[in-house]
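Q: my questions concern the predicted model and sequence given below.
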Amino acid sequence: MKMWAAAVLSAVLLELPFPLAGPMPPWRSIFAWFGLAPLLWALLSPATVNHPRPLRRAFLISYLCGVLWYMGNCYWIRETMLHYGGMPTGAPVLLLIGFSLVLGLYFGLFGLGVMLVRRATGKQNLALASAPFLWVALDLAAARITSVPWDQLGYSQVDNVFVNQLAPWTGVYGISFLLVAVNALVVSGSIPQTGDRNWTWSAAGTILMMAALIGLVYQPAKPSTPATAVLVQPNLDVGGDNDWGGPGEWDRHIAQFTHLAGEQCKTYIAGIPQTGASDGEIICPPYPAHPDLVVWPESPAPFFEQDARFQKSIAEIAQSDRSPLIIGGLAADYSEQQQDWLDYNAAMVIGADGNRIGRYEKIHLVPFGEYVPFQQYLTFAHKLTGRVSKFTPGDDRKVFRLNGHRYGVFICYEAVFADEVRHFAQLGAEVLVNISDDGWYGDTSAPWQHLNMARMRAIENRRWFLRDTNNGITAVIDPYGRVRQSIPRHQIDALPAEYGFRDDVTFYTAQGDVFAWACAILGLGMVGWSFKANLRKANLQLAIQNQVRS
C-alpha cells in the first residue's frame, strides 16, 4: 500500500511547481527538485523489486502517478470542452479521463524502464542513473509522437535564471534532465543497498538543489529596448456571436481597434498580472513617433482576408498609424487539385502603406479543436465535438521583414513546440511574435501554463517575445524569459510594448533537440540491453527448473 501512496504523493508534489489556477509563485518551483523522489523510491524499494511480478508492478505504480498528474495538470480540458466544445453531458469528463489514461502511459513506461535496468544490473544506483535519460526520451516522444509536450518538467524552472542557462544549449529537455537527476540523487540514500544506506549521494543531490535555487533571486541586467509595438487585447467572447453584422457594429469595432492601435502613452504591469507586480512607468514616445508594429491577436473577430471591407479597414489603420500590422484572421485558397476551398488559421501581415506583405498559415493545428484527426476512423468525433473547425495546416515557416528587422510569427498552441519555434530564429527572426486566443481556457491554469511555455521559447532562442492574446495574458518577454510588461486579463486594452532585437544564434536554435535525441538513444540502448539481459536470466532460470524436474 505504501508504494501506491508514494505514487499519489509524487503526482501531488509534481502538480505544485506548475500554475494551478493563476500565476505560479516562483518559490513553488522547488517542488520539482524532489517531487519525483517518492515515485522513484516506490519503484526501487524492496517491496517492488522483490515482488513476484516487479515489471508489471513498476509499470502500474508509475502509470497511476501519470494518470493522476495529467488529470490534475490538464483539468482545464474538461472546462474548455464543457463550455465551448458542444459536447453532450458527461463527455468532457470522459475526454479528460481518456486523455490522461493515454498520456499517463509515458509515466508507466518510465517506471517499466527503470525496473528493467534495476533487474538487469542488480544495481539500484544504475537504475537511478538511467532515470533522467529515460525521462527525457519519453518527453521527446510526447512532443514528436502524441504532440502533447504540455508542461514538461523543465518548464517549472522558467523563473530560475541560473538553471535556465541550460536552455539555449539543450532546450527545456536539459532542465528536465537536471531535475530528474537531482531527484534520483535525493532518493539514492533512502533505499537499503546490501543492508546499508549510503547518504553521500543524497547529500550531494540536496546541495546541488540548494545551489540551483540561487537562480530564483539572481537577475541579469535588462536588455535595451529600442522598439515599440502596440499589442491589442480585444477581449472578445469566444462563445458569443462575433459576426459584427448588426447596424454599425463593424464600424464600432473597427473604430475601437483604431483607437487601441494608437495607444502609445499609458501605464502597464511591470511583470505578470495577478502577482502583485507594480505598475510600470508611463510609456510615451520621447518625440512624435509611430510604433514599429501593431498586432491584433488570434480571436473570434470576423476578419477574412478576402473580405473587401476588412482589407479597406486594415489598410486605413496601417496608413493612419504609419505602422505595419500583424492581424489574426481566416484565409482561404482554392485548390485545383482538391477542387475545393482550403481554410487556414492565419496571421496576415500588412505594410505601413496599407499593402499586403504576406501571411503565415498555422502549421501545427490543435486536434479536436481545429481539425479531427483520422476522420475516416473517428466518425463519432464530429458528434462529440460540435464546434470543431476544419482547417488546413500550412507548410511554410516564414520570416517577415518590417522596418528593416525580421519577425517570426506563429499562432497560439504552436508556442509549446520548441523544435518548431526555433526554426523562425534559425531563419533569421530577430523577434518572435505569438498571437493567441486563450479565451477558450477560461479562468483555469491553462493560460498561465501557456505563458510559461512561451517564456521558455524566448530563453532557448535568446529572443524578445511579443505575446498578443485575445483576453490575456498579453505580455512582452525578454530574452531571459522575464515578463517585462503586461496588461490585466479580461478587459479591452492595449499594451504599448518596448522590445529589442537580437540576431545571434544559440546552439539550440541551430541544432535543435540534439541533447534530447542523445538521451533517447542512450535510454533506448539501456532498455534494449536490459530487456535482453532479463530475457537471458529468465531463460536460464527456466532451463534450471526444467533440469531439476528432469
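A: That came through, no problem.
Q: residue 456 contacts residue 158, correct?
A: Yes. If you go by Cβ atoms under 8 Å, residue 456 and residue 158 touch, sitting 5.6 Å apart. Every residue, glycine included, has its C-beta placed from N, CA and C.
Q: okay, the two: which has more neighbours?
A: residue 158 (29 against 26; other Cβ atoms under 10 Å).
Q: the more buried one and residue 481 touch, don't they?
A: Yes. Contact criterion Cβ under 8 Å: residue 158 and residue 481 qualify, at 5.5 Å.
Q: what's the lengthiest helix in the chain packed up against?
A: Assignment by DSSP state H gives helix 514-549 as the longest helix of the chain. Applying 3 or more Cβ pairs under 8 Å, 6 or more residues apart in numbering; DSSP states H and E, we find helix 514-549 packed against helix 91-121, helix 124-144, helix 167-170, helix 172-188.
Q: average pLDDT across it?
A: The pLDDT scores in helix 514-549 average 82.
Q: so which bits of that helix are buried?
A: Buried residues in helix 514-549, defined by neighbour count with 16 or more other Cβ atoms under 10 Å: 515-517, 519-520, 523, 526-527, 530-531, 533-534.
Q: related to what we said a few turns ago, any residues in contact with both of residue 456 and residue 158?
A: residue 481 (Cβ atoms under 8 Å, 6 or more residues apart in numbering).
Q: so where do the strands sit in the protein?
A: 227-233, 293-296, 325-335, 340-350, 356-361, 399-402, 405-411, 431-436, 464-469, 475-477, 483-486, 493-499 (DSSP state E).
Q: the bottom helix or strand of this protein by mean pLDDT?
A: Here the helix or strand of the chain ranked lowest by mean pLDDT, DSSP states H and E is helix 381-384, holding a mean of 46.
Q: which residues of the chain score low on pLDDT?
A: For the chain, the stretches flagged by pLDDT under 70 are 85, 192-205, 286-288, 368-389, 538, 540-543, 545-550.
Q: tell me which of the strands of the chain sits nearest to residue 112.
A: strand 405-411 (35.6 Å; Cβ to Cβ).
Q: what's that closest one packed up against?
A: Packed against strand 405-411 by the contact rule (3+ Cβ pairs under 8 Å, 6+ apart) you find strand 325-335, strand 340-350, strand 356-361, strand 399-402, helix 418-426, strand 431-436.
Q: related to what we said a few turns ago, in TSV: the strands of the chain, plus distance to residue 447 and mean neighbour count.
A: TSV is the format used below for the strands of the chain (distance: least, Cβ to Cβ, whole Å; neighbours: other Cβ atoms under 10 Å):
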stretch	distance to residue 447	mean neighbour count
strand 227-233	12	25
strand 293-296	18	28
strand 325-335	16	20
strand 340-350	19	20
strand 356-361	22	19
strand 399-402	26	18
strand 405-411	16	24
strand 431-436	9	27
strand 464-469	8	28
strand 475-477	11	26
strand 483-486	12	25
strand 493-499	15	24
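Q: out of those strands, which comes closest to residue 164?
A: The minimum distance between residue 164 and the strands of the chain falls on strand 475-477, with 12.5 Å, by Cβ to Cβ.
Q: helices or strands up against that closest one?
A: The contact analysis (3+ Cβ pairs under 8 Å, 6+ apart) places strand 475-477 against helix 446-461, strand 464-469, strand 483-486, strand 493-499.
Q: so for residue 423, which of those sits nearest?
A: Of all those, helix 446-461 comes closest under Cβ to Cβ, at 9.9 Å.
Q: now the angle from the closest one to strand 464-469?
A: 160 degrees (axes from the mean of the first three to the mean of the last three Cα atoms, to 10 degrees).
Q: how many neighbours does residue 307 have?
A: What residue 307 shows, counting by other Cβ under 10 Å, is a neighbour count of 13.
Q: what do you get for the one 10 residues further on?
A: Neighbour count of residue 317, defined by other Cβ under 10 Å: 21.
Q: which residues touch the residue nearest in space to the middle of the chain?
A: The centre of the chain sits closest to residue 416, judged by Cα atoms, centre = their mean, with a distance of 3.3 Å. When contacts are counted by Cβ under 8 Å, 6+ apart, residue 416 touches 149-150, 450, 453.
Q: cool, and residue 359?
A: 305, 331, 344, 346-349.
Q: check the contact between residue 317 and residue 311; I expect there is one.
A: No. The pair residue 317 / residue 311 is not scored as a contact, 11.2 Å apart, by Cβ under 8 Å.
Q: please enumerate the shared neighbours of these two.
A: With Cβ under 8 Å, 6+ apart as the test, residue 317 and residue 311 reach no residue in common.
Q: ok, residue 227 touching residue 476?
A: No. Judged on Cβ under 8 Å, residue 227 makes no contact with residue 476 at a distance of 10.6 Å.
Q: shared neighbours of those two, anything?
A: 498-499.
Q: how far away from the center of its chain is stretch 13-26?
A: Mean C-alpha position of stretch 13-26 versus that of the full chain (Cα atoms, centre = their mean, to the nearest Å) differs by 14 Å.
Q: buried sites along that stretch?
A: Residues of stretch 13-26 classed as buried: 13-20, 22-24, 26 (neighbour count, 16+ other Cβ under 10 Å).
Q: what of stretch 434-451?
A: Going by neighbour count (16+ other Cβ under 10 Å), the buried part of stretch 434-451 is 434-442, 444-451.
Q: which residues does residue 268 contact?
A: With the criterion set at Cβ under 8 Å, 6+ apart, residue 268 makes contact with 279-280, 283, 485-487, 495-496.
Q: from these, pick the one nearest residue 60.
A: The closest of those to residue 60 turns out to be residue 486 (Cβ to Cβ; 43.1 Å).
Q: wait, that closest one sits on residue 274?
A: No. Look at residue 486 against residue 274 with Cβ under 8 Å: they stay out of range, at 9.8 Å.
Q: restrict stretch 124-139 to CA atoms and write it as CSV.
A: What follows is stretch 124-139, C-alpha atoms only, in CSV (Å, rounded to 0.1, in the frame of the first residue of the first chain):
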residue,chain,number,x,y,z
GLN,A,124,19.9,0.5,-7.6
ASN,A,125,22.3,3.3,-8.5
LEU,A,126,22.5,2.3,-12.1
ALA,A,127,18.7,2.2,-12.3
LEU,A,128,18.6,5.7,-10.8
ALA,A,129,21.3,6.9,-13.2
SER,A,130,19.1,5.7,-16.1
ALA,A,131,16.1,7.7,-14.8
PRO,A,132,17.0,11.2,-16.4
PHE,A,133,17.8,9.6,-19.7
LEU,A,134,14.5,7.7,-19.8
TRP,A,135,12.5,10.7,-18.7
VAL,A,136,13.9,12.9,-21.4
ALA,A,137,13.4,10.2,-24.0
LEU,A,138,9.7,10.0,-23.1
ASP,A,139,9.4,13.8,-23.1
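Q: so what touches that stretch?
A: For stretch 124-139, contacts defined as Cβ under 8 Å, 6+ apart pick out 40, 43-44, 106, 109-110, 113-115, 117-118, 121, 149, 152-153, 173, 176-178, 180-181, 183-185, 187-188, 191, 193, 201, 515-516, 519-520, 522-524, 526-527.
Q: of those residues, select the buried ones using a ChimeraX command.
A: Here is the ChimeraX command that selects only those of those that count as buried (16+ other Cβ under 10 Å):
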select :40,43,44,106,109,110,113,114,115,117,118,121,149,152,153,173,176,177,178,180,181,183,184,185,187,188,191,201,515,516,519,520,523,526,527
